[in-house]
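In: A structural model of the following input is requested.
(one chain, ligands or ions: 3)
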Amino acid sequence: MSQQVQGVIAPGKNEPVRVETIVVPDPGPGEAVVQVQACGVCHTDLHYKQGGINDDFPFLLGHEAAGVVEAVGPDVTEVSPGDFVILNWRAVCGRCRACRRGRPWYCFDTHNARQKMTLTDGTELSPALGIGAFAEKTLVAAGQCTKVDPAVSASVAGLLGCGVMAGIGAAVNTGNVGRGDTVAVIGCGGVGDAAVVGARLAGAARIIAVDIDDRKLETAKKMGATHTVNSSSADAVEAIRELTGGFGADVVIEAVGRPETYQQAFYARDLAGTVVLVGVPTPDMKLELPLLDVFGRGGALKSSWYGDCLPSRDFPMLIDLHQQGRIDLGAFVTETIGLGDVEKAFARMHEGDVLRSVVRL
Ligand code: APR
Ligand code: ZN
Ligand code: ZN
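Out: Ligands and ions are numbered 1, 2, ... in the order given. Sure, this is the predicted structure:
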């Protein structure tokens with residue numbers, strides 16, 4: 001048995017995405033079919049379309065989603081039909097070396113559905129990040145579903161499935177920001193702004209937002225930045241040092257993914273400070289630093305993948321904090337759109353006035 005629904009496909013490298021009928025199989029062992037309610041548009045979806053991730057076209061795009069479990073297959077204990085869930089693209093296995101050593105956020109044996117969704121002619125689809133949620137329904141591994149309070153808006157919940165979790169987690173989990181810390185965030189798009197929110201949540205005393213676009217700095221202030229630096233007109237490293245009594249920040253979060261901004265982060269940290277790289281570089285990028293400058297400082301150089309999150313711990317907690325009004329995840333939703341508008345949302349990404357476009361179903 002299977003069912004047919006509408007979904008957004010990237011048919012080939014750099015070809016426009018389009019809505020197609022897709023075939024969703026009934027859930028097999030360990031699998032669930034989820035009725036998607038909302039799915040954010042993330043840069044990674046655009047990278048899939050551009051062939052920047054791999055060549056397994058056609059892709060079923062979308063991976064930042066929340067919805068309701070419609071059906072589960074045999075041996076599913078995690079969720080039941082009717083549960084409101086956030087989907088995650090790193091369902092930990094519980095058995096690999098990282099999981100056994102108590103660091104499941106490094107699990108690389110992640111779980112996805114075994115069966116394939118297809119086009120009506122039988123062509124197998126590659127779901128983006130093992131999810132594929134620009135679709136009315138999608139098939140995932142049950143472990144990819146994390147149950148959260150159904151009272152929250154689906155648009156907000158879905159955001160935790162990727163970018164917002166990456167940013168908050170970069171500050172709270174990877175950077176381990178503590179009460180009274182000074183934090184600098186370089187690059188204030190959706191991910192950087194989420195890092196600002198995370199730093200504030202963790203009790204940072206000063207949060208310095210750095211960007212080349214004044215509009216982004218205004219938004220970062222609304223998210224909780226206490227100071228801003230426009231690095232197209234000021235030297236970011238000097239400005240951060242000045243704002244931290246000459247020491248540099250305790251934690252610097254790089255949310256652009258470029259060598260020059262990483263270099264700024266490296267030199268803008270306190271002698272014992274931490275640099276967290278959460279921006280995603282491209283394979284051609286290289287970093288050159290005097291080794292003596294690496295030697296001459298303590299602290300830590302870290303990278304954060306998916307905010308080092310543990311969905312079962314972090315998703316319900318952040319939804320709870322949002323529901324209490326202690327963080328405002330709604331501020332990340334710039335617009336809600338339909339399935340047919342994903343191509344337009346990609347175009348708007350470059351205009352700089354969108355944190356997140358969210359597809360509502
Ligand atoms: N210095 C400071 N800020 C910069 C610079 C720079 N040299 N270049 C770009 N920026 C700013 C942009 O103005 C923008 O505000 O970085 C921000 C990037 O934001 P978005 O494009 O909205 O990207 P976002 O979704 O936040 O993701 C940031 O993390 O997930 C990855 O692939 C993603 O690498 C990207 C990064
Ligand atoms: Zn594992
Ligand atoms: Zn994403």
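In: And the pLDDT at the residue lying closest to residue 12 once chain neighbours are set aside?
Out: Using CB to CB, 6 or more residues apart in numbering and skipping residues adjacent in sequence, the residue nearest residue 12 is residue 57, 5.0 Å away. Just so you know, the C-beta spots here come from the backbone N, C-alpha and C atoms, and that holds for glycine as well. Looking at residue 57, its pLDDT is 98.
In: Ligand 3 contacts on this structure?
Out: Listed as neighbours of ligand 3 in the chain under the rule CB under 5 Å from the ion: 42, 44, 162.
In: just the residues you listed now: which is nearest residue 351?
Out: Closest approach to residue 351 among the residues of the chain next to ligand 3 (CB to CB): residue 42, at 16.2 Å.
In: who's in contact with that closest one?
Out: Shown in contact with residue 42 (CB atoms under 8 Å, 6 or more residues apart in numbering): 63, 64, 162, 163.
In: 6 Å - rerun?
Out: Shown here is residue 42, whose contacts under the criterion CB atoms under 6 Å, 6 or more residues apart in numbering are 64, 162, 163.
In: isn't the last one right up against residue 190?
Out: What that stands for is residue 163. Yes. Under the criterion of CB atoms under 6 Å, residue 163 makes contact with residue 190 at 4.8 Å.
In: More neighbours: these two, which one.
Out: The neighbour comparison of residue 163 against residue 190 (other CB atoms under 10 Å) goes to residue 163, with 27 against 24.
In: any idea of the pLDDT on the more buried one?
Out: Listed pLDDT for residue 163 reads 95.
In: where does it fall, phi/psi-wise?
Out: Per-residue torsions, residue 163: phi -60, psi -40 (degrees, to the nearest 10).
In: Now do the same contact list for it.
Out: Here residue 163 is in contact with 42, 190, 191 (criterion: CB under 6 Å, 6+ apart).
In: Would you format the residues of the chain next to ligand 3 as CSV with secondary structure and distance to residue 130 included?
Out: Supplementary listing: the residues of the chain next to ligand 3 in CSV, determined by DSSP: H, G, I helix; E, B strand; the rest coil; distance: CB to CB, whole Å:
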residue, secondary structure, distance to residue 130
42, coil, 14
44, helix, 12
162, coil, 12
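In: possible to save those as TSV with distance to residue 111?
Out: Shown next, in TSV, are those (distance: CB to CB, whole Å):
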residue	distance to residue 111
42	20
44	19
162	17
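In: what about the closest residue to residue 213 other than its chain neighbours, how many residues close to it?
Out: Counting by CB to CB, 6+ apart, residue 352 is the residue found nearest to residue 213 once chain neighbours are left out, at 5.8 Å. Using other CB under 10 Å, residue 352 is surrounded by 12 other residues.
In: how close does residue 352 get to residue 55?
Out: 30 Å (CB to CB, to the nearest Å).
In: Residue 138 too?
Out: Taken as CB to CB, the span from residue 138 to residue 55 is 22 Å.
In: Those two - which one has more neighbours?
Out: Between residue 138 and residue 55, counting by other CB under 10 Å, residue 138 is the more crowded of the two (30 against 8).
In: Skip the chain neighbours and tell me the closest residue to that one.
Out: Distance criterion CB to CB, 6+ apart; nearest residue to residue 138, sequence neighbours excluded, is residue 132 at 5.1 Å.
In: Near the one you found, how many other residues are there?
Out: Residues lying near residue 132 (other CB under 10 Å) number 30.
In: Could you report the pLDDT at it?
Out: 98.
In: What strand or helix carries it?
Out: For residue 132, there is no host helix or strand (DSSP states H and E).
In: again with residue 197
Out: Counting by DSSP H and E, residue 197 is found in helix 190-201.
In: after that helix comes which helix or strand?
Out: As assigned by DSSP H and E, the chain's next helix or strand after helix 190-201 is strand 206-211.
In: returning to that earlier point: for residue 197, state which of the residues of the chain next to ligand 3 is nearest.
Out: The closest of the residues of the chain next to ligand 3, once distances to residue 197 are taken by CB to CB, is residue 162, at 15.0 Å.
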